[in-house]
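1. mind folding the following:
(chains A and B)
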Amino acid sequence: MKKRFWLLISLFIILAMVMAACQSTAAEEPTVAPEEEAEPMEEAPAEEEAMVDEACMGAQPGDEITLLYQWSGVEEEKLNEILAPFVEQCGVVLKPESTRDQALLDTKVQAGTPPDVAFWNVAQLEQYKDVLVPMDTLGAHGENYADFFKDPGTIDGVWLGLPVKADIKTIIWYSPAVFEAKGYTVPTTWDELDALVESMVANGDVPWSLGMESGDATGWTGSDFIQDILLVQQGPEYVMGLISGEIAYNDAGVKQAYETYGKWAKDPVYTVGGAEGTLSTGFNDAILKVFSDPPEAMMVKQSGFAGGTVAEQYPDMVYGEDYDFFPIPGAQGLQGGADWLMVFNDTPAVRALISYLSSLEGGANWAKAGFDLSPNMGADGNYTDAALIKKGAALANTTGFTPDLGDTIPGGFGSAEWTALVDYVNGGDLDAGLDAVAQAQLEALQ
Amino acid sequence: MKKNAVSKRLSNLPVHVILILLCAIWLIPTIGLLITSFRPVQDINTTGWWTIFAKPQGYEEYQTYCASCHGEDGSLISSADLSDADLVQDYRRSITLTPSLSREIDGEPHMGDLPVPDEDTTASIAAYMRKLSGIDTTTKFTLDNYIDALTGYRGNKTYRADCASGTQSLDLHCDIRDLANPRGMGRAFLNSLAVTIPSTIFPILISSFAAYAFSWMDFKGRQWLFALLVGLQVVPLQMTLIPVSRLFAQLGLNGTFQGIWLFHTGFGLPYAIYMMRNFLGSLPRELFESAYLDGASHWTAFTKLAIPLSVPALASLAIFQFLWVWNDLLVALVFLGGEHPVLTYQIGNMVTSLGSGWHLLTAAAFISMILPMIIFFALQKYFVRGLLAGSVKG
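-> Numbering: from 1, shown residues only, chains lettered A, B, ... in the order given. This is a model prediction of the structure:
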């Protein structure tokens, strides 16, 4: 009995010691962080201080900004790189938190402890329009953004969201080496693309890799493609009409786009694995199928991030020789996604952050870091990555920019769109599917 | 006698087979995960973990079509040295290799008497040539996944490759300090310890006091209070997130270790008290009565009798509470978040929003698994005893 007692005591002592050791690590942390942040301040020469104060909007070194965003991994690293000059200049301490769980944002807002700044989707601007601080109050440099970028972030006439990161979706990835060896040329009109697809089929090649499996979100690659086809067949005004509700989703134009897509997505001659392949191949695998050896397909329609996926899997491949992209021929305007910065608490440090990110310098730094594209005009000409230069040029020259339908129309519209698409590819009735989406569209926009 | 033993063994056979089968079903995925965690990402994406014993892709094809002229290591023909990366660079995919194989060299077909291989075979040969020439430097096994996960490396290559070329990101030093990188699993491991150990000790300590009082001290309303505490177990944790978060915000406890200790202690207590009270209550009454007769105070009875006798119960309670806190994501996410990232939080952040970087999950999973496994095996004896708690006599 005595032995047991001592065993227990020693167990407790050991645990307590480990605990104490860990507590001291925990206690160290707060002292470490300000030290790191304060260092650059000391280095700043005295004469620059006045200028520093002005740019920092009166934020004091050590002031904290809490951030909440969905980025992680490489994405987070690039954001840190972009914010580094701001942090160094003002000595502000960033307290970021990363999650893809929107419930966390909702919980925090409801609990009355929202993050100072959240980077989230455009739908949250509508959701939180009553608690967000308008961009004009914060002194954002609106003149650095094209109107078609500010519009989706403007709710009831108030500019609430700053578009910080954009990615264009209206592009097709292919292998220039394979195209050259097989004698295919990059199409410049939709008819040429159609002819190219048919000639690939005639040669025994599979033109498309349309796999769109993505867990709960299965279908988003397909709905992206359909929106691109709408831009080709109907134009950007039509897409904006769908977003505002002027055009119902079961309109003949939408049906035409679905049928154009369905012809390819349901047939094993046109896409890897036919309808089953489209539904069950993961979107990342679908990208790699075009660049595997021997290639399983010739082209994949995917957003800008696909280049990174290829680079990771095939480190020996060279952008421009082994993988490249071309804009969807004939598309009037671009489709793209943007991440929106929204502000819950108006503090000097937050104002300084907004001022920095919306300035031409902020846009330039965003471009240099290569974190996709920046809608900020300062980004123009500052991209260093070859693929981003090409995408940035496309973005800078576009006349229209339509946000993703599913991201923009709130409520259950996005998932209704995916369900209809999955059903259609699966052989379901298209009219019934589109009616259901139109119903969701009507409910969401009322 | 002997016949009896044989037939007994035979009758046990189905049980054994089923047990072994169950073990296999249970273990194989874990073994697969373990092997995968040591493979380079390119291999994980293309082949299953069970192919690790196979020859590298294209070895057979290379032997059949190329080895007789170019030699095993590709360097037999000096004008066409297949171990030379610069040469192979131009023929590293079937799309460029096929024309070369089908053309004529000095009036002779490239392949001699052999037929020109088809596209798939050529692709395999090209893959093998990439390995031979050193264009493809991946090895069969690598520690990169673990290193990348521990240091919090985020990029398209590996921590070691980036450090070797000096292109590492701003917050990496390429030395031992990177183990404490706030984005890595190394730091997260320490944070998890800092959360878990107090969150295990506090409820156990408090619950053993409370359980002693409920079992051996007489006070008014004892039964009612105990019933109330047991009833508290039905309160779902998720329901309290918002109110507690509000309270913590007013007290300044959000994002602090103290806050999360308090939360886990609070939610661990009802069950801990219930279990300890049942255990202590089943100890023989005579034991305590004779102690009191001999003049022992409650404190003496508690430390000298109750605690030593309930070590098995304490240990099994500790294991349960430890595992629950260690594996908890929800509470850590809401109350600690990014300030002090714990393992579960960091695992979720290994993957980008578009699903790249998921190969690090395999290594990250084993890093987070290692401590619970050590604890479990070390305390296994008590764990089993705890299960038998009711039937053991002091």
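
2. got a list of what residue A:197 touches?
-> A:207-208, A:264, A:270 (CB atoms under 8 Å, 6 or more residues apart in numbering or on different chains). In this view, the C-beta of every residue, glycine as well, is placed from N, C-alpha and C.

3. mind doing that once more with 10 Å?
-> A:187, A:205, A:207-208, A:263-264, A:269-270, A:298-299 (CB atoms under 10 Å, 6 or more residues apart in numbering or on different chains).

4. farthest-separated two in those?
-> Using CB to CB, these reach their maximum pairwise distance at A:187 and A:269, which is 18.9 Å.

5. look at these two and report which has more neighbours.
-> residue A:187 (19 against 12; other CB atoms under 10 Å in any protein chain shown).

6. mind listing what's buried in the helix or strand hosting residue B:209?
-> For residue B:209, the host element (DSSP states H and E) is helix B:185-216. Buried residues in helix B:185-216, counted by 16 or more other CB atoms under 10 Å in any protein chain shown: B:185-204, B:206-208, B:210-216.

7. can you flag which of the contacts of residue A:197 belong to strands?
-> When DSSP state E is applied, those are split such that residue A:299 fall in strands.

8. in chain B, which ranges drop under the pLDDT threshold?
-> Where chain B drops to pLDDT under 70, the residues are B:1-3, B:169-170, B:353, B:383-394.

9. show me how the record splits it into domains.
-> B:2-53, B:59-133, B:185-391 (automatic domain parsing).

10. endpoint to endpoint, the second one covers what distance?
-> Here the two ends of domain B:59-133 are set 14 Å apart, with distance taken as CA to CA, to the nearest Å.

11. is chain A within reach of that domain?
-> Yes - for domain B:59-133, a contact with chain A is found by CB under 10 Å from any CB of the partner chain, at B:85, B:88-89, B:92-99, B:118-124, B:126-127, B:130.

12. how far away from the center of its chain is that domain?
-> 43 Å (CA atoms, centre = their mean, to the nearest Å).

13. OK, contacts around residue B:199?
-> Taking CB under 10 Å, 6+ apart, one finds A:19, B:257, B:260-265, B:267-268, B:321-322, B:324-326, B:328, B:331 in contact with residue B:199.

14. re the thing from before, out of the domains of chain B, which is the most enclosed?
-> domain B:185-391 (a mean of 18; mean count of other CB atoms under 10 Å in any protein chain shown).

15. in chain B, spot the helix with the most residues.
-> Assignment by DSSP state H gives helix B:2-36 as the longest helix of chain B.

16. which elements pack onto it?
-> Judged by 3 or more CB pairs under 10 Å, 6 or more residues apart in numbering or on different chains; DSSP states H and E, helix B:2-36 is in contact with helix B:359-378.

17. the helix it packs on vs chain A: in contact?
-> Yes - judged by CB under 10 Å from any CB, helix B:359-378 and chain A are in contact via B:359-360, B:378.

18. quick one on the thing from earlier: out of the contacts of residue A:197, which is most surrounded?
-> residue A:299 (28 neighbours).

19. partner residues bridging that one?
-> Applying DSSP bridges to residue A:299 gives these bridge partners: residue A:174, residue A:208.

20. quick one, what contacts it?
-> Taking CB under 10 Å, 6+ apart, one finds A:172-175, A:178-179, A:184, A:187, A:193, A:196-197, A:200, A:205-210, A:271, A:290, A:325-326 in contact with residue A:299.

21. got it, and residue B:40?
-> Residue B:40 touches B:136-142, B:144-145, B:158, B:359, counting by CB under 10 Å, 6+ apart.

22. what's the answer for residue B:349, then?
-> A:71-73, A:76, A:97-100, B:152, B:154, B:183, B:188, B:338, B:341, B:357, B:364.
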